[in-house]
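> 3D model of this:
(chains A and B)
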There are 2 protein chains.
Amino acid sequence: MPVFLSHDDADFDAQFEALLHMKRESDADVDAVVADIIADVRNRGDAAVLELTAKFDRMELGADQLAFTSEEMDAAIAQVPEAERAALELAASRIRAYHERQLPQDARWTDEAGAELGWRWSAVDAAGLYVPGGLASYPSSVLMNAIPAQVAGVRRLCICAPTPDGLANPLVLLAARLSGVDTVYRIGGAQAVAAMAYGTQTIQRVDKITGPGNAFVAAAKRRVFGQVGIDMIAGPSEILVIADANNDPDWIAVDLLSQAEHDESAQSILITDDAGFGQAVAAAVDARLQTLERAHIAGPSWRDFGAVVVVRDMAQAVELSDRIAPEHLEIACDDAEGIAAKVRHAGAIFIGAWTPEAIGDYIGGPNHVLPTARSARFSSGLSVLDFMKRTTLARMTPEALAAIGPAAETLAISESLEAHGLSVRARLDRLNTEA
Amino acid sequence: MPVFLSHDDADFDAQFEALLHMKRESDADVDAVVADIIADVRNRGDAAVLELTAKFDRMELGADQLAFTSEEMDAAIAQVPEAERAALELAASRIRAYHERQLPQDARWTDEAGAELGWRWSAVDAAGLYVPGGLASYPSSVLMNAIPAQVAGVRRLCICAPTPDGLANPLVLLAARLSGVDTVYRIGGAQAVAAMAYGTQTIQRVDKITGPGNAFVAAAKRRVFGQVGIDMIAGPSEILVIADANNDPDWIAVDLLSQAEHDESAQSILITDDAGFGQAVAAAVDARLQTLERAHIAGPSWRDFGAVVVVRDMAQAVELSDRIAPEHLEIACDDAEGIAAKVRHAGAIFIGAWTPEAIGDYIGGPNHVLPTARSARFSSGLSVLDFMKRTTLARMTPEALAAIGPAAETLAISESLEAHGLSVRARLDRLNTEA
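The predicted model follows:
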């Protein structure tokens, strides 16, 4: 049974806090294992990667088999049914159109002191995308990672996608080709992250690593952060639906299940201002679970982490939603737009009952790599900006330096940084001499 | 003696690689200590913070003394000499003007399928700024961290600034007040980072932590990343100057020393196309070191990590510069603007001989918190965006869902995520029933 809370429960605040801090991931200390794997890959390169791949993915490869050949990709891609190819192409084109609007502007101006200031954006040289898991790997995640990188102008793009027991998903390879990926490596885990961060004889190192993964991948990303850029440390997925009674309970039920079916650790929460509607949705979830293919995953997720929260009114719904800072927020209410405008912390908002979250997973256009575990309080979904960086620009004229240099010298001296002051003073003295 | 390399040395490439990967920080394993400190602060809150402050900063405080009172700040600020106050105010206003231009735009549009898409930026609720050390703490760093947060619209801003032996820098407190900081805590180290990330009885937790610090602070930031956002893991500072022979060697020498004086681990590199000029700059550095106040710091930095690299031409200078990906890049050449335009990886560029890097440290306007240790390959200096996050927006009409929903359903089924497909199908069926 999922948790049922109501705003008029005596211990509502305590219960809501407990919901907020519910532990959904095991504490298994993978960090030591991951540290060893990274050190091994740094020391032994390909040899370590090949051994670890044999061990974890049961694949005996040579170094020359780490990457899919062009022929292997062609052969796999040829198997993709036409309907799936067309759907993936439509998704790619919509995701590209959305992300092209994120390209940032350079700037350059001269201020009243005569100082020329500005900035310039540029792409990282090389990015590596992690795509979890074998046959169950998601082609949509390839598009969501690779297309922003491609739009940003990244020169070299590679994917690491483990193929346990040699099983590869042809759609993943098609998605890689549709989004300009140069090389797909059939490796995974912490060893793949280490190889992309430090390079091996065969695998060129990259500057930025993005993409979801299991606890080992997350721990490896945390460890290599600084050596390379990373997007975020992802946790299990979650959805919050705010819905009033003016909805079909079954629509809301399948929306909640569409997160629950990802992972037993996923979390689906309904906030509603109508207790009866909340009960109806819970009943509809139970009904759907009778036949759902992934009921063995969605069922435990809903039972262990699901929640129905009955609120006084929609103002309270917004307040609680901001405390949750959900990865996905679906708003199925009469005034969906007005409620959306009041939300401060959410990775992605799906406005109105005709916008199921699944649209955002595949084809809407916005990215589906989003901040989990309340990190929407301080971070954003993946975007073109994750594959770019900004260089600030400053150019002084002698006049500008004369105008603002003395203040810099004063501050340098106050911070006991004499050479800082001298670097300004040497130039100001020249001006005085020349005048 | 710093390293001298010339493009026509037989082993130039190997020597340059060695320069690139020079180890400037000790390997001291602070991570275990930091893990214990963080656990202690999470478990015991204020009590742990107070004990650790007594131990490391030799300050016996009560919980009610963790923050400076308004009266304490007033009294300290009253001591600031007028020239320093004026310089700090000019710096604050110029930094604010620069960062106000970084405020990002929201977007909303309807595409050809009838889908309404967009995004909206919002500020984090609360940010905590770490300001290292006592009397030597830098008021400029307060401005550079706090003003972007203030411009972003952060509602609550606090500073942690240790005051070893009770020594506080009045300019730091003035800088805090000029940039809208609500509370200044007199604590530092990993305990300050832990307190800001998890909160204590007295210290409210924040959503984002920024600012430089020693190895303990850096390790603590890496550990709390995910619980809160962080800006970057900062290492020792560095400067690269590209200069032709058409410069006063003394100007370039003080510019190099202005980084070297920060830290014995700082690194200053000159790239020039004129070997004689390189020698002249090295001689000018030696001359300045005879009298420089911080020669005991700048001398070892220049001796151990300094370098003069003589290149074939400015094209090679740009190529090597991009491999270094310097935090600060000063370009003092005839065609400074043309060279700057070719650079791909740098935190900040200072264009032309009238733009000493120190201008950027204090008063130019751009931020001085910049990516170190080659991380300009993938990251940017601190900006308003570090204190904001983006929520993506999507709203489908029934018509839009009819247009793009079937492709989402196809992809969901291909990924074996039935409930995803059902959430679209339930709505499409309603449309078909109604039609």
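> could you pull up phi and psi at residue A:181?
Main-chain dihedrals, residue A:181, degrees, to the nearest 10: phi -80, psi 130.
> which residues are in contact with it?
A:129, A:142, A:146, A:157-159 (Cβ atoms under 8 Å, 6 or more residues apart in numbering or on different chains). Using the backbone N, CA and C atoms, a C-beta is placed for each residue, glycine as well.
> just the closest of the residues you listed to residue B:205, please.
residue A:129 (32.7 Å; Cβ to Cβ).
> mind listing the helices for the stretch 151-300 of chain A?
Ranges of helices within the stretch 151-300 of chain A are A:170-178, A:189-198, A:215-224, A:249-260, A:275-289, A:295-305, based on DSSP state H, counting those that start in this stretch.
> any residue of stretch A:223-238 touching chain B?
Yes. Residues of stretch A:223-238 contacting chain B under Cβ under 8 Å from any Cβ of the partner chain: A:225-226, A:228-229, A:232-233.
> how about the residues of the stretch 151-300 of chain A by chain B?
Contact residues (Cβ under 8 Å from any Cβ) of the stretch 151-300 of chain A with chain B: A:171, A:207-208, A:222, A:225-226, A:228-229, A:232-233, A:248, A:250-251, A:254-255, A:257-258, A:260-262, A:288, A:292-294, A:298.
> weed out the non-buried ones from the residues you listed.
Among these, those scoring as buried are A:171, A:207-208, A:222, A:225-226, A:228-229, A:232-233, A:248, A:250-251, A:254-255, A:257-258, A:260-262, A:288, A:292, A:294, A:298 (criterion: 16 or more other Cβ atoms under 10 Å in any protein chain shown).
> distance of residue A:240 from residue A:260?
Using Cβ to Cβ, to the nearest Å, we find residue A:240 at a distance of 13 Å from residue A:260.
> now do the buried residues in the helix or strand containing residue A:433.
Following DSSP states H and E, the helix or strand that holds residue A:433 is helix A:418-434. Residues of helix A:418-434 classed as buried by neighbour count (16+ other Cβ under 10 Å): A:418-428, A:430.
> contacts only, for residue A:145.
A:129, A:131, A:210-211, A:369, A:382.
> among these, which two are most distant?
For the contacts of residue A:145, the farthest-apart pair by Cβ to Cβ is A:131 and A:382; their separation is 13.3 Å.
> let me see the ranges of the strands in the stretch 1-150 of chain A.
Assigned strands in the stretch 1-150 of chain A, in chain order: A:3-6, A:107-110, A:116-123, A:126-130 (criterion: DSSP state E, counting those that start in this stretch).
> how about the residues of the stretch 1-150 of chain A near chain B?
Near chain B, when you scan the stretch 1-150 of chain A using Cβ under 8 Å from any Cβ, you find A:83-84, A:86-88, A:90-91, A:94, A:97-98, A:101, A:107, A:109, A:111, A:113, A:115-117, A:119, A:122, A:124-125, A:136, A:138-140.
> and the residues you listed, which are buried?
Applying 16+ other Cβ under 10 Å to those flags A:84, A:87-88, A:90-91, A:94, A:98, A:111, A:113, A:115-117, A:119, A:122, A:124-125, A:138-140 as buried.
> picking that back up, which of the contacts of residue A:181 lies closest to residue A:334?
For the contacts of residue A:181, the nearest to residue A:334 is residue A:142 (37.9 Å; Cβ to Cβ).
> any regions of the stretch 1-150 of chain A where pLDDT drops low?
For the stretch 1-150 of chain A, residues meeting the criterion pLDDT under 70 lie at A:26-28, A:134-136.
> any idea which helix or strand carries the residue nearest the centre of chain A?
Computing the C-alpha centroid of chain A and ranking residues by Cα atoms, centre = their mean puts residue A:369 first, at 3.5 Å. Secondary structure from DSSP H and E places residue A:369 outside every helix and strand.
> which non-adjacent residue is nearest it?
residue A:382 (3.8 Å; Cβ to Cβ, 6 or more residues apart in numbering or on different chains).
> run a quick neighbour tally on the one you found.
Other residues within reach of residue A:382, judged by other Cβ atoms under 10 Å in any protein chain shown, total 23.
> now do the contacts for it.
By Cβ under 8 Å, 6+ apart, the contact list for residue A:382 reads A:144-145, A:148, A:210, A:231, A:367, A:369-370.
> and if you look at residue A:396?
Contacts of residue A:396 by Cβ under 8 Å, 6+ apart are A:114-116, A:404-405, B:352, B:354-355, B:359, B:364.
> on that earlier part again, and the helix holding residue A:433, how far out from the chain's middle?
Relative to its chain's centre, helix A:418-434 lies at 48 Å (Cα atoms, centre = their mean, to the nearest Å).
> now look at it and say if it contacts chain B.
Yes. For helix A:418-434, a contact with chain B is found by Cβ under 8 Å from any Cβ, at A:418-424, A:426-427, A:430.
> now that helix and helix B:295-305, what's the angle there?
100 degrees (axes from the mean of the first three to the mean of the last three Cα atoms, to 10 degrees).
> elements contacting helix A:418-434?
helix A:398-414, helix B:249-260, helix B:357-362 (3 or more Cβ pairs under 8 Å, 6 or more residues apart in numbering or on different chains; DSSP states H and E).
> please name the bridge partners of the residue in the stretch 201-350 of chain A positioned nearest to chain B.
Nearest to chain B, among the residues of the stretch 201-350 of chain A, is residue A:229, at 3.5 Å (Cβ to the nearest Cβ). Taking DSSP bridges as the rule, residue A:229 bridges to residue A:208.
> next up, the contacts around it.
So residue A:229 contacts A:124, A:207-209, A:386, B:375, B:377-379 (Cβ under 8 Å, 6+ apart).
> please redo it, this time with the cut-off set to 10 Å
A:124, A:127, A:206-210, A:386-387, A:389, B:232, B:371, B:375, B:377-379 (Cβ atoms under 10 Å, 6 or more residues apart in numbering or on different chains).
> before we move on, what about residue A:52?
Residues counted as contacts of residue A:52 (Cβ under 10 Å, 6+ apart) are A:37, A:40-41, A:187-192, A:194-195.
> among these, who's most crowded?
Within those, residue A:192 tops the neighbour count with 32 neighbours, counted by other Cβ under 10 Å.
> which pLDDT value belongs to that one?
Note for residue A:192: predicted pLDDT of 97.
> next one: residue A:390
So, for residue A:390, pLDDT stands at 98.
> same question, the one 5 residues further on
At residue A:395, the pLDDT value in this model is 98.
> from memory it sits against residue A:109, does it?
No. If you go by Cβ atoms under 10 Å, residue A:395 and residue A:109 don't touch, sitting 11.1 Å apart.
> overlap in contacts of these two?
Contacts common to residue A:395 and residue A:109, judged by Cβ under 10 Å, 6+ apart, are A:115-118.
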